[in-house]
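Q: sequence? don't have it. structure:
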């Protein structure tokens with residue numbers, strides 16, 4: 001049996017921390033190992049507890065969640081995935097926290113099941129963005145980076161049997177990458193950028209879900225991305241999706 005995911009909760013409101021702890025501790029595969037009420041406290045506690053996942057508020061006394069995230073990510077001992085949880089649905093927060101190294105972004109009006117799903121996704125190495133946030137990420141980077149000739153992904157990807165999977169260099173503009181994406185990796189990346197799950201990608205491309213996971217791992221390695229969220233951001237900046 002796998003060890004439960006160790007979560008640290010960071011928020012300056014004690015009632016919210018208590019609510020998060022109650023929701024998460026009810027899950028058999030999740031345990032809350034600590035709480036912090038300020039950004040500086042979060043940085044210190046993360047270094048001592050080394051949690052798997054951190055839920056991070058944005059506005060807090062003495063240090064905000066963006067700076068706390070940046071400092072935690074700079075500590076090589078800490079491998080925790082960080083989900084920003086905030087009431088502030090603003091673009092400056094969204095892109096600042098992603099640049100700081102957060103792997104997820106949730107609004108505080110999300111339901112308990114969304115919080116649990118986010119923690120599990122981050123623990124599994126996946127990024128997690130609220131649906132409304134995903135749309136804004138795509139809109140911001142797609143407008144700036146995607147050529148007009150690129151058609152919507154659901155129209156441009158043609159399913160190919162796994163045995164015929166392409167291995168040649170991608171037709172996408174990946175010249176900035178040390179190792180270019182293959183055609184199939186490009187297809188997978190486009191679908192990842194549309195927030196498709198591994199199971200949905202597997203069904204769309206007629207390949208196994210394990211094969212999708214392998215492609216995603218290779219894509220992350222080639223892009224130098226830590227998770228799917230950063231891969232989407234980098235892909236749009238490079239014009240790859």
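A: Here it is on my side, so go on. As the structure is a prediction and not an experimental result, all values here were calculated from the model.

Q: in the protein, what residue spans correspond to strands?
A: The residue ranges that make up the strands of the chain, judged by DSSP state E, are 5-10, 30-36, 53-56, 81-86, 104-107, 128-129.

Q: just checking, residue 216 touches residue 198?
A: Yes. Under the criterion of C-beta atoms under 8 Å, residue 216 makes contact with residue 198 at 7.2 Å. Every residue, glycine included, has its C-beta placed from N, CA and C.

Q: about what we covered before: most packed of the strands of the chain?
A: Mean neighbour counts were taken over the strands of the chain using mean count of other C-beta atoms under 10 Å, and the top value, a mean of 28, falls to strand 53-56.

Q: what comes into contact with that strand?
A: Counting by C-beta atoms under 8 Å, 6 or more residues apart in numbering, the neighbours of strand 53-56 from elsewhere in the structure are 5-11, 20, 42, 46, 65, 68-69, 72, 80-85, 102, 106, 115, 119, 122-123.

Q: okay, now the sheet partners of that strand, with direction.
A: With DSSP bridges as the test, strand 53-56 is paired with strand 5-10 (parallel), strand 81-86 (parallel).

Q: chain center to the last one: distance?
A: So that's strand 81-86. Counting by C-alpha atoms, centre = their mean, to the nearest Å, strand 81-86 is centred 10 Å from the centre of its parent chain.

Q: pLDDT on that strand, on average?
A: Per-residue confidence for strand 81-86 averages out to 89 on the pLDDT scale.

Q: likewise for stretch 181-189?
A: Mean predicted confidence for stretch 181-189 is 90.

Q: please apply the same query to stretch 34-50.
A: The average pLDDT for stretch 34-50 rounds to 97.

Q: just checking, residue 189 touches residue 236?
A: No. Between residue 189 and residue 236 there is no contact under C-beta under 8 Å: 10.3 Å.

Q: can you map out the helices along this protein?
A: All helices of the chain, identified by DSSP state H, fall at 14-25, 39-49, 65-74, 91-100, 112-123, 131-145, 153-156, 183-193, 198-205, 209-223, 228-237.

Q: which residues does the first one contact?
A: Under the criterion C-beta under 8 Å, 6+ apart, residues 7, 9, 11, 30-32, 35, 37, 55, 57, 108, 112, 115-116, 119 lie in contact with helix 14-25.

Q: quick check: angle from that helix to strand 81-86?
A: Orientation check (axes from the mean of the first three to the mean of the last three C-alpha atoms, to 10 degrees): helix 14-25 against strand 81-86 gives 140 degrees.

Q: could I get the buried residue list for helix 14-25?
A: 16-17, 19-21, 23-24 (16 or more other C-beta atoms under 10 Å).

Q: show me what contacts residue 115?
A: With contact taken as C-beta under 8 Å, 6+ apart, residue 115 is in contact with 20, 23-24, 55, 85, 106.

Q: so what are the domain limits for this structure?
A: The chain breaks down into these domains under automatic domain parsing: 5-129, 147-237.

Q: least reliable of the ones you listed going by mean pLDDT?
A: When the domains of the chain are ranked by mean pLDDT, domain 147-237 comes last with a mean of 69.
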